[in-house]
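Q: Sequence first, predicted coordinates after that:
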Amino acid sequence: MLITLIHSTTLRVALASLVLGLVASAAPALSVTISGPDVVSDVKNLRLKVTVTNTGQEALKLINEPGSPLITSPTDSFLITGPTKVNPTFAGISVKYAGVDMVAANGSSNTFTMLDVGKSITVTHNLSKRYNFKDSGPGKYTFDTAGLFYYVDNDKRAVSIKAATKSHQLVLQGKLSAPNRRSVERKFATFDNCTAVEQTDINSAVTNARAYVADAITFLTAHTNTTTRMTTWFGVFREHRRLFVLSNFNSLTTRGDEFSGWNYDCSQQDCVPGSYAHVHHLDFAEVHLCERFWTAPATGTDSKAGTLVHEGTHFAVTANTEDLANGKPDCVDLAKRRPGKAARNADSYQYFAENNPPL
C-alpha cells in the first residue's frame, strides 16, 4: 500500500513537471543580438545592427512602439555604458504615441512586425541621430537594449515580453557629436510638405492649443488648493508642484510663442508608426506631424490641439518634458505612484489641458 502511494505521488510530480516544461517551451520567446564595428572614428559612422529572433514556439505580432529596436526612428531605445560615469546625452526625438493598448486593438499594418517561429529580422540604426557622446568622452562603449517588446495576443491585447539580449562593445574616437541644430525665430507659422487642407487644420490646432494653455494657466492660478483635475494628472496636491506645472504652462506663452511662429513638417520623416507627432527637444519650434495627427479630433481627448501642447512641452526652452507614460490610464497611474514624474510627463500636460471630460 505504501509503495503504491509513493509511486502515485512520484507519477503526479513527474506529470506536473512535464506539463510545466511543455508550457514553458510553448511560451513566447525572443532574442536580441547587437552587432557592429569594433572601432568607430567619427560618430557619424556609428551604425549598429539589431537582430531580433523569434526563439519561441508561436508566431508573434510585435508592436513597433517608440522603445522598440524594430523601428529606425531616432528614439531612445538603447542602453549605453561608457568609459566614464557620464552617460551619452539623448539627442533624438520625443514622440506623442497612441500607446501599445490602443495600437494593439486597432493599429494599421505598419504598426506591427510579424515574426514567424525561428525567423529573424535585422534593423540598422544610425546612433549619431540619437546620442551625443561629447560629455561621455572617447573610449570603449557597451551597447544593449532593454529587451522589452510587446506583442498582440488573440484578444487584441498588448502583452509584454522580455527578450534575451546580447550586447556589443566598440571603441569610439574622433568626433563625438553630430552638428548642433539651430532654432529659427519666425513671426508666423510656416509649413513644410503640407497641403492647403493640412495647413488649415494646423492653424485651427494652433488656435485651440492656445486656448487650452490659457485655460490651464487660469485654472492653476485660481485654484491654490487640491482639485480633482490637479490630482488626477499630477498626483497628491503639493504647492510646489502646482507652481512647477503652472510655470511650465506659462513657458508655452513666454518662451513657446504660443505655437505661432513654429514650423510644421508634414513629410512624416522619422515618424514612429502609430504616432501623432515628434520633436527634437533642442530644435525649438520644429514640429513633425505624423499619421494619427490627421485623424485626431480638433479638440477633446488625444486631439490635434492637445498634441501641440504635448509637443510644445518637450522643448528644452519650455518645459523639457519626457514621455514617461502614454495614454490616460498610464498617466493616471503615474500620477498616483510617482507624482513627481507626472510633472515631467508630456501626456500629463496634454490631458490636463484637454480636460475631457471636465474635472
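A: Received the coordinates, thanks. All of these numbers come straight from a predicted model, not from anything done at the bench. Numbering: from 1, shown residues only.

Q: The nearest residue to Thr124 once chain neighbours are set aside: what's it in contact with?
A: Spatially, and ignoring its direct neighbours in sequence, Thr124 is nearest to Lys49 (5.3 Å; CB to CB, 6 or more residues apart in numbering). (C-beta placed from N, C-alpha, C; glycine too.) Going by CB atoms under 8 Å, 6 or more residues apart in numbering, Lys49 touches 34-36, 122-125.

Q: partner residues bridging Lys49?
A: Judged by DSSP bridges, the bridge partners of Lys49 are Ser35, Thr124.

Q: quick one: low-confidence parts of the stretch 101-250 of the chain?
A: 179-188 (pLDDT under 70).

Q: one more time with 90
A: Confidence mapping of the stretch 101-250 of the chain against pLDDT under 90 gives the ranges 129, 135, 174-189.

Q: follow-up on the earlier one: check the contacts of Lys49 for burial and list the buried ones.
A: Neighbour counting with 16 or more other CB atoms under 10 Å marks 34, 36, 125 as buried within the contacts of Lys49.

Q: mind listing the strands for the stretch 101-250 of the chain?
A: Remark: strands assigned in the stretch 101-250 of the chain by DSSP state E, counting those that start in this stretch are 112-115, 120-126, 131-132, 139-144, 148-152, 158-162, 164-166, 168-175, 190-192.

Q: what residues does the fifth one touch?
A: Strand 148-152 is touched from outside by 28, 30, 52, 60-63, 65, 67-68, 70, 100, 104, 112, 158-163, with contacts defined as CB under 8 Å, 6+ apart.

Q: Of those, just the buried ones, ChimeraX syntax please.
A: Filtering the contacts of strand 148-152 down to the buried ones (16+ other CB under 10 Å) takes a single ChimeraX command:
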select :28,30,52,60,61,62,63,65,67,68,70,100,104,112,158,161,163
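
Q: thinking again about what came up before, which of the buried ones among the contacts of Lys49 lies closest to Thr207?
A: Comparing the buried ones among the contacts of Lys49 against Thr207 with CB to CB places His125 closest, at 38.3 Å.

Q: Wait, the closest one touches Ile71, no?
A: No: His125 lies out of contact with Ile71 (CB atoms under 8 Å); the separation is 9.2 Å.

Q: Between these two, which contacts overlap?
A: Contacts common to His125 and Ile71, judged by CB under 8 Å, 6+ apart, are Ser77.

Q: then stretch 335-350 to CSV, C-alphas only?
A: Extracted in CSV, the C-alpha atoms of stretch 335-350 (Å, rounded to 0.1, in the frame of the first residue of the first chain):
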residue,chain,number,x,y,z
ALA,A,335,0.2,60.5,-11.0
LYS,A,336,-0.8,58.1,-8.2
ARG,A,337,2.5,56.3,-7.9
ARG,A,338,5.1,58.9,-9.0
PRO,A,339,3.6,62.4,-8.9
GLY,A,340,7.0,64.0,-9.3
LYS,A,341,7.4,62.0,-12.5
ALA,A,342,4.0,63.0,-13.7
ALA,A,343,5.0,66.7,-13.5
ARG,A,344,7.8,65.8,-16.0
ASN,A,345,5.5,63.8,-18.4
ALA,A,346,4.2,65.4,-21.6
ASP,A,347,1.0,63.4,-21.9
SER,A,348,0.0,64.5,-18.4
TYR,A,349,0.1,68.2,-19.5
GLN,A,350,-1.9,67.3,-22.6
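
Q: Buried residues, that stretch. List them.
A: Buried positions in stretch 335-350, judged by neighbour count with 16+ other CB under 10 Å: 335, 339, 341-350.

Q: Among the residues you listed, which lie within helices?
A: Within the buried residues of stretch 335-350, residues falling in helices by DSSP state H are 335, 339, 341-342, 346-350.

Q: And the furthest pair within those residues?
A: Pro339 and Gln350, at 16.8 Å, using CB to CB across those.

Q: Tell me, how many residues neighbour Ala27?
A: 11 (other CB atoms under 10 Å).

Q: One more: Phe284?
A: 22.

Q: Neighbours of the nearest residue to Ser204 once chain neighbours are set aside, how many?
A: Once flanking residues are discounted, Ser204 sits nearest to Ala298: 6.0 Å by CB to CB, 6+ apart. Using other CB under 10 Å, Ala298 has 13 neighbouring residues.
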